[in-house]
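pasting a predicted model and its sequence here:
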Amino acid sequence: MTDLSPVALGFLGSLIAGSMTAAGALPVLFGRVPSRGTRDLSLGFAAGVMLAASFFSLIIPALDAAEPQYDNGAAPAAIVCVAILLGMGAVALMNERLPHEHFSMGREGPEAASLRRVWLFIIAITIHNFPEGLAVGVGFGSGGLEGGMPLAIGIGLQNAPEGLAVAVALLGEGYSKLRAWGIAGLTGLVEPIGGVLGAGIITLSEPLLPWGLAFAAGAMLYVISHEIIPETHRSGHQNKATLGLSVGLVLMLFLDVWLG
């Protein structure tokens, strides 16, 4: 696997991470859906892992990549800050402009037919999964296996409870178990597109490396703040969600320092 190109690694890594949505939704096929508290705990854990990965696998490497280009002045920090804000703004713009539904809030806009509802769900998850695939691709494109693996693991862990949440929401809409699982799995398949794009951009132009790393971090931080954390707090399980986030963050911190 080490002989693969960064683009191929980005594709495979983001494909595996995206496939975790289908793996996470498997319990709906067997009628063993975890409690909401357990789901919030696991989603909080995944958010903590992603937060740590954003800083240790994206933001700090972005600063390290920018410093040689700009003589260690204020420019590296400014570039990374601007790129983070651009990444957050890009996902916020997608979230604002593209038609979609939030699973917890119900329908936005006029009533639609069943087929259109399915595509609205897919578009909604595309908005949130694409930047995650982008982050994985950037990680593999800039640092190979060592740079991309922590991000792939963190995002894969986050995708599992997200896939379960999607499948449970679809069951509530009256979909069959198999169809709910299939749609939940399908939503993760947009991540390899972002993975190839992120890895490709980084490998083509070295000066874009700090911009790409920080942009991907900003996109991921927006998803964590705007979607994942509010979702874990919505049902009154704040303590479990915060515990999960704390454990996920420090575990990822420990592994990153220990494994180098």
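All right, it came through fine.

mind listing what's buried in stretch 219-227?
For stretch 219-227, the neighbour count (16 or more other CB atoms under 10 Å) marks Ala219, Met220, Leu221, Tyr222, Val223, Ile224, Glu227 as buried. Every C-beta, even on glycine, is put in place using the N, C-alpha and C of the backbone.

what's the average pLDDT for that stretch?
Mean pLDDT, computed over stretch 219-227, is 82.

how about exporting stretch 48-65 as PDB, limited to the C-alpha atoms?
The C-alpha trace of stretch 48-65 is given here as PDB (Å, rounded to 0.1, in the frame of the first residue of the first chain):
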ATOM      1  CA  GLY A  48     -13.300  14.700  20.000                       C
ATOM      2  CA  VAL A  49     -11.300  12.500  17.700                       C
ATOM      3  CA  MET A  50     -12.000  14.800  14.700                       C
ATOM      4  CA  LEU A  51     -11.100  17.900  16.700                       C
ATOM      5  CA  ALA A  52      -7.700  16.500  17.700                       C
ATOM      6  CA  ALA A  53      -7.200  15.300  14.100                       C
ATOM      7  CA  SER A  54      -8.000  18.800  12.800                       C
ATOM      8  CA  PHE A  55      -5.200  20.400  14.800                       C
ATOM      9  CA  PHE A  56      -2.600  17.700  14.900                       C
ATOM     10  CA  SER A  57      -3.000  16.300  11.300                       C
ATOM     11  CA  LEU A  58      -4.000  19.500   9.500                       C
ATOM     12  CA  ILE A  59      -3.500  22.800  11.300                       C
ATOM     13  CA  ILE A  60       0.000  22.200  12.800                       C
ATOM     14  CA  PRO A  61       1.300  20.600   9.500                       C
ATOM     15  CA  ALA A  62      -0.100  23.600   7.700                       C
ATOM     16  CA  LEU A  63       1.900  25.900   9.900                       C
ATOM     17  CA  ASP A  64       5.000  23.800   9.400                       C
ATOM     18  CA  ALA A  65       4.500  23.800   5.600                       C
END
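
next one: that stretch to chain centre, how far?
When C-alpha coordinates are averaged (CA atoms, centre = their mean, to the nearest Å), stretch 48-65 and its chain have centres 14 Å apart.

now stretch 202-210
Remark: stretch 202-210 is offset 21 Å from the chain centroid, using CA atoms, centre = their mean.

what's the first-to-last distance across that stretch?
9 Å (CA to CA, to the nearest Å).

for Ser19, which non-adjacent residue is closest in space?
Gly188 (6.0 Å; CB to CB, 6 or more residues apart in numbering).

so the spatially closest residue to Pro131 that is not a sequence neighbour is in which element?
Among residues not flanking Pro131 along the chain, Ala219 sits closest, at 3.3 Å (CB to CB, 6+ apart). Assigned by DSSP states H and E, Ala219 falls within helix 209-223.

where does the stretch 51-200 of the chain dip in pLDDT?
72, 98-128, 169, 172-174 (pLDDT under 70).

same thing but at 90, please
51-76, 87, 90-180, 182-200 (pLDDT under 90).

just how off-centre is the top helix by length along the chain within its chain?
The longest helix of the chain (DSSP state H) is helix 114-172. Centroid displacement of helix 114-172 relative to its chain, using CA atoms, centre = their mean, is 5 Å.

what's the angle between it and helix 209-223?
Interaxial angle, helix 114-172 versus helix 209-223 (axes from the mean of the first three to the mean of the last three CA atoms, to 10 degrees): 70 degrees.

C-terminal to helix 114-172, what's the next element?
Downstream of helix 114-172, the first helix or strand assigned by DSSP H and E is helix 177-187.
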